[in-house]
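# The sequence and its predicted three-dimensional model are supplied below.
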Amino acid sequence: MRTVAIILPFTLLLGCDGEVEHIHDRVACGASTGGSDDGSASEESSGGLASAGSASAGGGSTGGEESSGGESSTGESVDEDGIPNPTAPCPTITDGVVQFCPAGLDTCRNALVVNAAGADGNGFLSLHWHGTFETPDGVLAWDNAAQQIRDRVIAENGLMVLPYADPRAPARVNTPFPWWRVCGTSGTECQRMDDFIFADEIVACTVEQGLVDPNRLTTSGMSAGGTMTSHLVNYSTYLAGAVSWSGGVPSNWQPSMPNNDTAVMVVHGGATDAYCGPGALNNGGNNPSCYYFRSPSEIFGQNLVAAGNFAFMCDHQAGHSAAMGLQGAYFLAWSDRENGHVWEGYPFGTNGEAGTGSSWMLNHYCYDPGQPSPWDPHP
């Protein structure tokens, strides 16, 4: 296994002491408790709702790909490592907007590609899903977590791919969320496999063209993008690592969790981490028009560990935001199916006690699934 020193900034996170104002997909915090870990401003994007309802748990949520070759749950062939093979001629992957036309979709789909010119086949793939009312271009322009991942990709000669949503998905009634599996109070077509098929084709083509290390395929996202990340972890077997910011999927919406050896960092923002907007499904929080992410994130983390995956939680206490972007970027970069993850075995949940790991951030904000948050203990 590779040995990597875990040295991260010893700085404080931005918090929300008072009211949290949700304006479309933006969140404005009250009085802050300190500076951000990564220099982000106090207003960050919210993304979308947590998940589709129970009806959407079928299809890809219970499937996954064969680990020793065969067919995926969407029908395409996979190699012996579970990595899908292209279902159509791959486009030449270059920097900028690239169009993929996989078999099984009734339309071609676009993705924004970053660092194709610098990818040497040894770096990691970052498949990053944007949130509600967002675009890949917009996320890269202002979202610090996405920017941190981009910078890590460039530093390691990897590749970042940000899918664009099918415009028909957010056009659904009372469901403005960009990915088909993320549904609102009256969402329709929540079981469509389109985004899984799209993800498989991106992975297949980037591997076929020798742009990334097949053992270092990762995914991430915030809110609706975090929920799509969680669904893809459940669906796939080719991922080495994933970071879900405010996107965990509860067990009743994701009934099975395959042992796919994916290392997962599950991040939420504490009691104020909520989406309040069109399509919000109340799940027991203080505001009946909001969806709260702490509980489903913690359930997701527990499900992962129960299935044998390496996973841990982080409660950054900054509400509905993609804080701890720097830590998330390093987590993805250090995920490796062949060599394991360098953070496996880290003493999470020790809240800065003497003799613990070397990262102040991980010591003070992260904890093992099933244990209380060091910042906001609750049953």
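Good, I have the coordinates. Numbers count the residues shown, from 1 in each chain.

# could you pull out the helices for this structure?
136-142, 144-155, 194-208, 224-235, 294-306, 325-333, 360-365 (DSSP state H).

# Go through these and pick out the most buried.
helix 224-235 (a mean of 31; mean count of other CB atoms under 10 Å). Backbone N, C-alpha and C define where each C-beta goes, glycine included.

# could you give the angle of that helix to helix 144-155?
60 degrees (axes from the mean of the first three to the mean of the last three CA atoms, to 10 degrees).

# How far away from the center of its chain is helix 224-235?
6 Å (CA atoms, centre = their mean, to the nearest Å).

# And that helix, what does it pack against?
Counting contacts by 3 or more CB pairs under 8 Å, 6 or more residues apart in numbering; DSSP states H and E, helix 224-235 packs against strand 125-129, helix 194-208, strand 217-222, strand 241-245.

# tilt between it and strand 241-245?
Using the same axes, to 10 degrees: helix 224-235 against strand 241-245 is 140 degrees.

# Now do the same contact list for Ala274.
Neighbour list for Ala274: Val20, His22, Gly285, Asn287, Cys290, Tyr291, Tyr292, Phe293, Gly319, His320 [criterion: CB atoms under 8 Å, 6 or more residues apart in numbering].

# could you redo the last one with a cut-off of 6 Å?
Residues near Ala274 by CB atoms under 6 Å, 6 or more residues apart in numbering: Gly285, Cys290, Tyr292, His320.

# And the spatially most central residue of the chain, how close does it get to Ile154?
Nearest residue to the geometric centre of the chain (CA atoms, centre = their mean): Ser220, 2.8 Å. According to CB to CB, to the nearest Å, Ser220 and Ile154 sit 16 Å apart.

# For Ala116, give me its contacts.
Ala116 touches Ile93, Thr94, Asp95, counting by CB under 6 Å, 6+ apart.

# By neighbour count, which of those wins?
Most neighbours among the contacts of Ala116, by other CB atoms under 10 Å: Ile93, with 20 neighbours.

# Kindly state the pLDDT recorded for that one?
Model confidence at Ile93, given as pLDDT, is 98.

# circling back: per-residue confidence at the residue nearest to the centre of the chain?
98.

# same question, Ser251
65.

# which residue packs closest to Thr188, ignoring adjacent ones?
Once flanking residues are discounted, Thr188 sits nearest to Arg172: 5.6 Å by CB to CB, 6 or more residues apart in numbering.

# With Cys101 instead?
That would be Cys108: by CB to CB, 6+ apart, it lies 4.1 Å from Cys101.

# So what's the residue count around that neighbour?
For Cys108, using other CB under 10 Å, the count is 12.

# And Leu281, by the same measure?
Neighbour tally, Leu281, other CB under 10 Å: 16.

# For it, give me its contacts.
Tyr291.

# measure it to Trp360 for me?
36 Å.
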